[in-house]
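Enquirer: Dropping a prediction and its sequence here:
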Number of protein chains: 2
Amino acid sequence: MKRMLLAAAAVMLVGGLHAEERVDLAMTSKIRQEAFNHSQAMALLDHLTEQVGPRLTNSPAMVQANAWTRSKFDEWGLANVHDEAMAEPFGRGWEFHSADVEMLTPRAFPLHALPKAWTPGTNGPIEGDVVAAKIEKKEDFEKFRGKLKGKIVFLGEARAYKPGEKPDWDRETDATLDAMKALAVPADQKPGAREEARERRRQRLEFAPQLNKFLVDEGAIASVTQSGWDNGIILLSGGGSRKAGESVGVPSLSMAAEHFNAVMRALDRKAPVRLRMNVDARFTTDTDQPAYNTIAEIPGTGPHRNEVVMIGAHMDSWHAGTGAADNGAGVAVMMEAMRILKAVGAKPDRTIRVALWTGEEQGLLGSADYVSRHFGKFADPADPKEKAMPVMLRNPRGKFEPGSDYGKLAAYFNLDNGGGKIRGVYAQENMEVAPIFETWLKPFNDVGATIVTQRNTGSTDHVSFDTIGLPGFQFVQDGLDYFTNVHHSDLDVLDHIVAEDLKQASAIVASFAYNAATRPEKLPRKAVSAE
Amino acid sequence: MKRMLLAAAAVMLVGGLHAEERVDLAMTSKIRQEAFNHSQAMALLDHLTEQVGPRLTNSPAMVQANAWTRSKFDEWGLANVHDEAMAEPFGRGWEFHSADVEMLTPRAFPLHALPKAWTPGTNGPIEGDVVAAKIEKKEDFEKFRGKLKGKIVFLGEARAYKPGEKPDWDRETDATLDAMKALAVPADQKPGAREEARERRRQRLEFAPQLNKFLVDEGAIASVTQSGWDNGIILLSGGGSRKAGESVGVPSLSMAAEHFNAVMRALDRKAPVRLRMNVDARFTTDTDQPAYNTIAEIPGTGPHRNEVVMIGAHMDSWHAGTGAADNGAGVAVMMEAMRILKAVGAKPDRTIRVALWTGEEQGLLGSADYVSRHFGKFADPADPKEKAMPVMLRNPRGKFEPGSDYGKLAAYFNLDNGGGKIRGVYAQENMEVAPIFETWLKPFNDVGATIVTQRNTGSTDHVSFDTIGLPGFQFVQDGLDYFTNVHHSDLDVLDHIVAEDLKQASAIVASFAYNAATRPEKLPRKAVSAE
């Protein structure tokens, strides 16, 4: 109730401010010129994806990406260029070079599969018969005990091909953008839903290492799961364990859906299926190592120079492709926005800071760590089981402890919904920022960025800010083929990126950062729910 | 002019016949029951694709497919079950088991590629630096002479990713079917167009073996071209040579478009690119072997028992997938149609003969050979260069020589546009058959088969009949993902086939064969153009 009253009062005030919200059109014009006509965004992305490669958190390539992005920031004359280690060691490094899999019987043909992160390689070619095993909980172990020695275990069941009845590649239209402005009033949670979510999470956390250990103890030589997408696309994430001292399980791969199904059908026919595989994958450190966010700044020169506007994207990626859309595109745009601001000679009142996050794919870890150390956090629970839960699922969530810079953050802008251009911004139910953002977007209406929606969007690093009531935002982007073909798959490569979209996004991010760094007040904040 | 007059007279006559065209609805009902409720089509296709595997012409798997389909025909009690060799030896057998390709420098990652048919394997792992070479005609050889020793040659240029803005999977609608009824009156050929087509063909025939020899002579160790489709799909056909005594060139692969582009971009940056590859591919015969069509019959029992209705599909396929849509689906439907006719106790007046063609992918070779030996052909030119041309491009085309059975063929029906169900039939500008087919389709209007179009369709085995004026037809089928993802690609596998579509097509083919084998007259024939 208190929160609603506060919001109502604020709307009136913003109504007053709105008329005064001012955009420096001369500077916007310079930014557009630099972004559209002298873009380096695609060249940056090319280097990051094809020369550095995919950037699994703590892999050698991620270390190289930290170093290379620092060198570019130095080259452009940014200040305070540094890597900032997460408070706790993230885990071990891992990388892979190749994965050859073939069926030997009942007929010889190549199978398309790639290894999950933090799983061991095969140490040269191995051969084994396949056993299908639906092992989803501890109770299932008994069914397979004694039956897996020397076997390649196909986990789970076959899933039928699902025809692609919509285009792979899609852009928002005026109609879909309009529809996105509607906010559904939240439905009541079902009674017990929170406890069920906690229980599912707990079981998942418990079961994964148990399965790793079971497969090793039983002498299985590899495990294979089915890619979540069809058409030969390999969707994957991690397996094994990144933590030193924990079982990494057996070599574990994600296989093209069609090939997985062909193996399962052969087993259904009682045909003995024999595979050969050779997976060149390795842990690159024996001990847990810290993971690093790369940070750089354009220092503020005005009365608010101690305040900061942040922009960011995550630099880590999965390893099947090169992390071009997820989130090389965001990184290239954020780097390019900083380059543009230097190139146009921006002298912001507040400091503008870019952060290239690590560990996003493992749960927004880099940004959450950074926010907790600089801006504040909900106190960690003493119980390690509660600590393993995401903040929102902890019982209790913990007391909010503001950090030293809690009052200094003016805004945070994130880009992490693929390579598509910006069509607007999610206001995250912060009613006061909507008219401000509408004003800021006006100079970019002509390049397709038009809407402000009060919808909350999740799953990107702005959540680390939003969770503690800081004004953190993610842009609305064209989907392209992000959620049909590319996200976490082997198709997340440079070819699926559009240079024009990166240019447009770079201009808008640079402009938003500049606007937030020069307006008289920091962006208004939402009330933080105390529960 | 003479042809037009003949056609006009025929229309009147058919108008009279049309009223009498009779369909045995009791038999149609039995056929539908058997096809829809006791289908073996999917089981047949499963065996053909996943147990036999892909069926490159003259590969061991194709030989196995000939034997297995004969055994099924025997099991069902068909008559005159036999393989019929083509008059001239087709070439050597070839198969492959695996193809592992990885980039070693500038960064290590697996590349997705498959070998072209009739190209040699690597005899174990090989390594080499990549050279990009646009070699399209003899004159280009000089540019690369002395530069390819020990190299892996990337032929051609990078092609940008093309977003998929239509759904991969599509079915006809009432509107698209309606549109398909329209026939565009043929435009005049540009002057010289025929001579240009002859010249292009001649150059292609000449250049391929010259390039094979050049790469071998220069000491290149492999060649790679870019897949014609994006999204990691590998589209391929043949390379090297299937003819004993000809140069098979170097190991030659088709590579996923995105990976090909990544290699080309690295070369553009002047980065030395080194690959390792291990291609297990082999010729299975040293000498040219005949290729075989598999033939079987339900003998006619009426006064026209010496006449024949044929149905057919090609059993050979390319080797990237398992040839499920192209043309395992057609084979399964044709086999199933014969099984249905036996199961319902059909006693046709005319003989119904099924042909499972070989060599379709190399130019309708199996059906053309069969038709030429049984029904007639345009005389072969003495000049071997003219003989190498497709019949339609020969100068002169040759005199038509009817075969002994030219008068006996009542109809031929083909299915080879993927796995999609039947939506109608192409009448091939045979005006007299249209009202007949409309009557035959009526009992299948309720399962989506509705249109007769006068359009000519090409590229399937009905052309071998149509070319010499025999009534050969291909059905109109739903496209599904045939021409977006599947045709000649590694996605041509069982998962992309819909069992219900095969059932529908089997019923219609069985019914059309029965109708053609029981109607009083053979199907009317078009006039054959004499030029």
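Expert: Done, it's in. Numbering: from 1, shown residues only, chains lettered A, B, ... in the order given.

Enquirer: and the lengthiest strand in chain A, which strands flank it?
Expert: The residue-count maximum for a strand in chain A (DSSP state E) belongs to strand A:94-105. Strand partners for strand A:94-105, identified by DSSP bridges, are recorded as strand A:109-111 (antiparallel), strand A:274-283 (antiparallel).

Enquirer: Could you list every helix and strand in contact with the helix or strand following the first one?
Expert: Looking back up the chat, that one is strand A:109-111. Sequence order places strand A:113-115 as the next helix or strand after strand A:109-111, per DSSP states H and E. Where contact means 3 or more Cβ pairs under 8 Å, 6 or more residues apart in numbering or on different chains; DSSP states H and E, strand A:113-115 is packed against strand A:94-105, strand A:252-255, strand A:274-283. All C-beta spots, glycine's among them, are computed from the backbone N, C-alpha and C.

Enquirer: Make CSV from the strands paired with strand A:94-105 and add distance to B:K147, mean pLDDT and mean neighbour count to it.
Expert: CSV is the format used below for the strands paired with strand A:94-105 (distance: least, Cβ to Cβ, whole Å; pLDDT from 0 to 100; neighbours: other Cβ atoms under 10 Å in any protein chain shown):
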stretch, distance to B:K147, mean pLDDT, mean neighbour count
strand A:109-111, 31, 98, 22
strand A:274-283, 31, 98, 20
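
Enquirer: Helices along chain A, start to end?
Expert: With helices called from DSSP state H, chain A shows them at A:2-20, A:25-37, A:41-46, A:60-75, A:141-144, A:174-180, A:193-217, A:257-268, A:329-343, A:365-374, A:384-387, A:433-441, A:462-466, A:499-518.

Enquirer: A:D174 - how many residues pack around it?
Expert: The criterion is other Cβ atoms under 10 Å in any protein chain shown. On that basis, A:D174 has 9 neighbouring residues.

Enquirer: ok, now which ones touch the residue of the stretch 251-400 of chain A found nearest chain B?
Expert: The shortest separation between the stretch 251-400 of chain A and chain B is 4.7 Å, found at A:E258 (distances taken as Cβ to the nearest Cβ). For A:E258, the contact set (Cβ atoms under 8 Å, 6 or more residues apart in numbering or on different chains) comprises A:Y161, A:D230, A:N231, A:G232, B:L491, B:V493, B:D495, B:H496.

Enquirer: The last one against B:D326, yeah?
Expert: No. Counting by Cβ atoms under 8 Å, B:H496 stays clear of B:D326, with 10.6 Å between them.

Enquirer: Work out the gap between the longest strand of chain A and the centre of the chain.
Expert: Strand A:94-105 has its C-alpha centroid displaced from the chain centroid by 26 Å (Cα atoms, centre = their mean, to the nearest Å).

Enquirer: in it, what counts as buried?
Expert: By neighbour count on 16 or more other Cβ atoms under 10 Å in any protein chain shown, the buried set for strand A:94-105 is A:W94, A:E95, A:F96, A:H97, A:S98, A:A99, A:D100, A:V101, A:E102, A:M103, A:L104.

Enquirer: Pretty sure A:N278 sits against A:S98.
Expert: Yes. Using Cβ under 8 Å, A:N278 makes contact with A:S98 at a distance of 7.4 Å.

Enquirer: Go through stretch A:484-504 and flag the buried ones.
Expert: Residues of stretch A:484-504 classed as buried by neighbour count (16+ other Cβ under 10 Å): A:484-498, A:501-504.

Enquirer: Export that stretch to CSV, keeping only CA atoms.
Expert: Once side chains and other backbone atoms are set aside, the C-alpha atoms of stretch A:484-504 remain, and they are given as CSV (Å, rounded to 0.1, in the frame of the first residue of the first chain):
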residue,chain,number,x,y,z
THR,A,484,14.7,-20.0,-33.0
ASN,A,485,18.2,-21.1,-34.0
VAL,A,486,21.0,-19.2,-32.3
HIS,A,487,20.7,-18.9,-28.5
HIS,A,488,23.2,-21.3,-26.9
SER,A,489,23.7,-23.2,-30.1
ASP,A,490,26.4,-23.9,-32.7
LEU,A,491,24.7,-21.4,-35.0
ASP,A,492,25.6,-18.5,-32.6
VAL,A,493,28.2,-17.2,-35.1
LEU,A,494,29.1,-14.0,-36.8
ASP,A,495,27.1,-14.8,-40.0
HIS,A,496,23.8,-14.4,-38.2
ILE,A,497,24.7,-10.8,-37.1
VAL,A,498,23.6,-7.7,-39.0
ALA,A,499,26.1,-4.9,-39.1
GLU,A,500,23.4,-2.2,-39.5
ASP,A,501,21.7,-3.4,-36.3
LEU,A,502,24.9,-3.0,-34.3
LYS,A,503,25.4,0.5,-35.6
GLN,A,504,21.8,1.5,-34.6
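
Enquirer: Give the rounded mean pLDDT of it.
Expert: pLDDT averaged over stretch A:484-504 equals 98, rounded to a whole number.

Enquirer: any shared contact partners between B:H496 and B:D326?
Expert: Common neighbours of B:H496 and B:D326, using Cβ under 8 Å, 6+ apart, are B:V486.

Enquirer: returning to that earlier point: redo the helices and strands packed on strand A:113-115 as TSV? Include distance to A:V331.
Expert: Shown next, in TSV, are the helices and strands packed on strand A:113-115 (distance: least, Cβ to Cβ, whole Å):
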stretch	distance to A:V331
strand A:94-105	19
strand A:252-255	25
strand A:274-283	25
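
Enquirer: which one of those strands lies closest to B:E401?
Expert: With Cβ to Cβ as the criterion, B:E401 lies closest to strand A:94-105 of the helices and strands packed on strand A:113-115, at 48.4 Å.

Enquirer: Give me the angle between the closest one and helix A:60-75.
Expert: 140 degrees (axes from the mean of the first three to the mean of the last three Cα atoms, to 10 degrees).

Enquirer: pLDDT (mean, whole number) over strand A:94-105?
Expert: Within the predicted structure, the mean pLDDT of strand A:94-105 is 98.

Enquirer: Spell out which residues sit in contact with the closest residue to chain B within the stretch 401-531 of chain A, please.
Expert: Among residues of the stretch 401-531 of chain A, the one nearest chain B by Cβ to the nearest Cβ turns out to be A:D495. It sits 3.9 Å away. Under the criterion of Cβ under 8 Å, 6+ apart, the neighbours of A:D495 are B:A160, B:Y161, B:D230, B:A257, B:E258, B:N261.
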